[in-house]
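Undergrad: Mind looking at a prediction? Sequence and model below.
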Amino acid sequence: MASDARPRALSGIQPTAGSFHLGNYLGAIRQYVALQESHDAFYMVVDLHAITVPQDPAELRANTRFAAAQLLAAGLDPERCTLFVQSHVPEHAQLGWVMNCLTGFGEASRMTQFKDKSAKHGADRATVGLFTYPILQVADILLYQATHVPVGEDQRQHIELTRDLAERFNGRFGDTFTVPAPYIVKETGKIYDLQDPTIKMSKSASTPKGLINLLDDPKVTAKKVKSAVTDTDTVIRFDPENKAGVSNLLTIMATLTDTSVADLEKSYEGKMYGALKTDLAEVMVDFVTPFRARTQEYLDDPETLDSILAKGAEKARAVAAETLAQTYEKIGFLPAKH
Ligand code: ATP
Ligand code: MG
């Protein structure tokens, strides 16, 4: 099972909302699709992570299928990669506990995602699960001996923690885990909210008007693009520090049209912001329209969708079980007699 000689990619996305957003797509999912060609790739819908914040059971179930359908619609091919749901592979929670016991309290306290998210949900309402979720993420990655982890910039610190814990375990108990590297595309590692271009576009933190949901009605998407916040200057120039809004739009436009930002700057010389927004709105509509249709096709056939996920879980479990068994042995757990 684990004989594929290619480097291994692993990543996960949360079913915390019905629709993925443009930041998820440009920062992470595009890379998932690309890496399935060159890597032995494992991608999962991380439902265990989704319960770190309040959620509704029926919605979680529905969002898990929505997430899988969108990953397939974006171009993941179950023949080329392993696509599964995290809770279908119990080894995640099992290795998660081991990693919890290897992490310092102070070390976990330094995770900025926890600070941001707990501040948002009210510090007194934050769960221990939210506090330790980066450590579960460590287990997610190490279980598959991943070499590359395609993620957005906001996850860099968690990959750093993963490397630290892999090295710590290997040092203490002997070589067990591959030390993974983050795979973050510089240009699109952080896509910003269209209304507040100083914060990242996020399922949970964005303003509704600043968040481009891939499954929104394309008309709504076009409207959001056209009302994106820019600045009082008029020049269309890439300058993230002084012109965060325009720079964000240029990044999005360049990536979706496979053009360089420099070429865009040239072609918009002397033009107003409105021209860029109108063009980007059109590009966005052309992108999301077929994406929505493909997602709907998968959702209309839940049996096929569920069987793709079942096959994925089976493949994932074979790898995960092997890593967990090695870990248990190294730690000194007495094997159960069969
Ligand atoms: P939440 O706010 O619930 O954490 P999220 O929008 O951050 O949701 P996740 O499921 O946590 O979505 O992240 C999935 C992937 O998308 C991760 O690799 C993450 O780094 C990436 N990502 C999320 N937001 C952005 C963004 N604005 N720009 C680039 N990448 C992003
Ligand atoms: Mg996130």
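TA: Okay, I see it. Numbers count the residues shown, from 1 in each chain. Ligands and ions are numbered 1, 2, ... in the order given.
Undergrad: Residue 149 - that's part of a strand, no?
TA: Yes: applying DSSP: H, G, I helix; E, B strand; the rest coil, one finds residue 149 inside a strand.
Undergrad: any idea how far residue 60 is from it?
TA: 24 Å (Cβ to Cβ, to the nearest Å). All C-beta atoms are positioned from the backbone trio N, CA, C, and that covers glycine.
Undergrad: In terms of packing, which of those two has more residues around it?
TA: Ranked by neighbour count (other Cβ atoms under 10 Å), residue 149 and residue 60 place residue 149 first, with 27 against 15.
Undergrad: Any idea what the more buried one is bridged to?
TA: residue 182 (DSSP bridges).
Undergrad: Do I have it right that it meets residue 178?
TA: No: between residue 149 and residue 178 there is no contact under Cβ atoms under 8 Å: 10.9 Å.
Undergrad: tell me the contacts of residue 250?
TA: Residue 250 makes contacts with 236, 238, 261, 264, 265, 276, as judged by Cβ atoms under 8 Å, 6 or more residues apart in numbering.
Undergrad: most neighbours, which of those?
TA: Neighbour counts for the contacts of residue 250 (other Cβ under 10 Å) peak at residue 236, which has 23 neighbours.
Undergrad: List phi and psi for it.
TA: Phi and psi for residue 236, reported as degrees, to the nearest 10, are phi -90, psi 100.
Undergrad: do you know how far it is from residue 20?
TA: Residue 236 is 28 Å from residue 20, by Cβ to Cβ.
Undergrad: How about the secondary structure of residue 9?
TA: Assignment for residue 9 (three-state DSSP): strand.
Undergrad: so who does the closest residue to residue 15 other than its chain neighbours touch?
TA: Closest residue to residue 15 apart from its sequence neighbours, by Cβ to Cβ, 6 or more residues apart in numbering: residue 63 at 3.9 Å. Contacts for residue 63 were tallied using Cβ under 8 Å, 6+ apart; they are 15, 16, 17, 18, 50.
Undergrad: Local confidence estimate at the residue of the stretch 51-200 of the chain at minimum distance from ligand 1?
TA: Minimum separation of the stretch 51-200 of the chain from ligand 1 (Cβ to the nearest ligand atom) falls at residue 152, amounting to 2.5 Å. Reading off the confidence values, residue 152 has pLDDT 98.
Undergrad: Phi and psi next, for it.
TA: Phi and psi for residue 152, reported as degrees, to the nearest 10, are phi -80, psi 170.
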